[in-house]
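Trainee: Sequence first, then the predicted structure, then my questions.
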Amino acid sequence: MAERMVKCYGKDCEVANVKHPSNIMTKISGKNYCPECYAKEMENRRQRDKLYSYICEVYNTPFVTPLIKKHINDFIANGLTYKRIYALIHYCYTIKKNFNMPDMKYGIMTLGNYYNEMLQYYARKKKHRVQDVL
């Protein structure tokens, strides 16, 4: 008897409308994922949770507000990753001198103004690290 084929909700498989045998699929929140997409989804969720906990630490709050979650989703929609958003917040909070983090009620969208500055800082830091090794 033929194996039942089910849809994978991973980004790559969903775009290509790929179906996999049901015995290799793993469920997350009621959605099926193939092994490759499952690993990507779990890493993505781990990065998101790490970002959320860092924001809670920065703002000294027990949870991330819906507005900040919306701003994070907007950053993701514009091509940033959770790692880059984490690096941006880290840059503004710990590295940039005389910078006051915006109040939590206004969200984090204004931090996007410092994105290019952050990229330049980390590029210079990486360049110096390479020169020190040589």
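Mentor: Arrived safely. Residues are numbered from 1 along each chain as shown.
Trainee: can you list the weak-confidence ranges in the protein?
Mentor: Residue ranges of the chain with pLDDT under 70: 1-2, 132-134.
Trainee: Nearest residue to the middle of it?
Mentor: Against the mean C-alpha coordinate of the chain, by Cα atoms, centre = their mean, the closest residue is residue 82 at 1.7 Å.
Trainee: Pretty sure that one sits against residue 49.
Mentor: No: assessed by Cβ atoms under 8 Å, residue 82 is found out of contact with residue 49, at 9.0 Å. Using the backbone N, CA and C atoms, a C-beta is placed for each residue, glycine as well.
Trainee: Name the residues that touch the helix or strand where residue 45 lies?
Mentor: Assigned by DSSP states H and E, residue 45 belongs to helix 35-59. Under the contact criterion Cβ atoms under 8 Å, 6 or more residues apart in numbering, helix 35-59 has outside partners 8-13, 24, 26, 28, 33, 62-64, 68, 72, 81-83, 85-86, 89-90, 93, 101, 104, 108.
Trainee: Check which element follows it along the chain.
Mentor: helix 66-77.
Trainee: Return the list of helices and strands in contact with the host helix or strand of residue 14.
Mentor: Here residue 14 sits within helix 11-16, counting by DSSP H and E. When contacts are defined as 3 or more Cβ pairs under 8 Å, 6 or more residues apart in numbering; DSSP states H and E, helix 11-16 packs onto helix 35-59.
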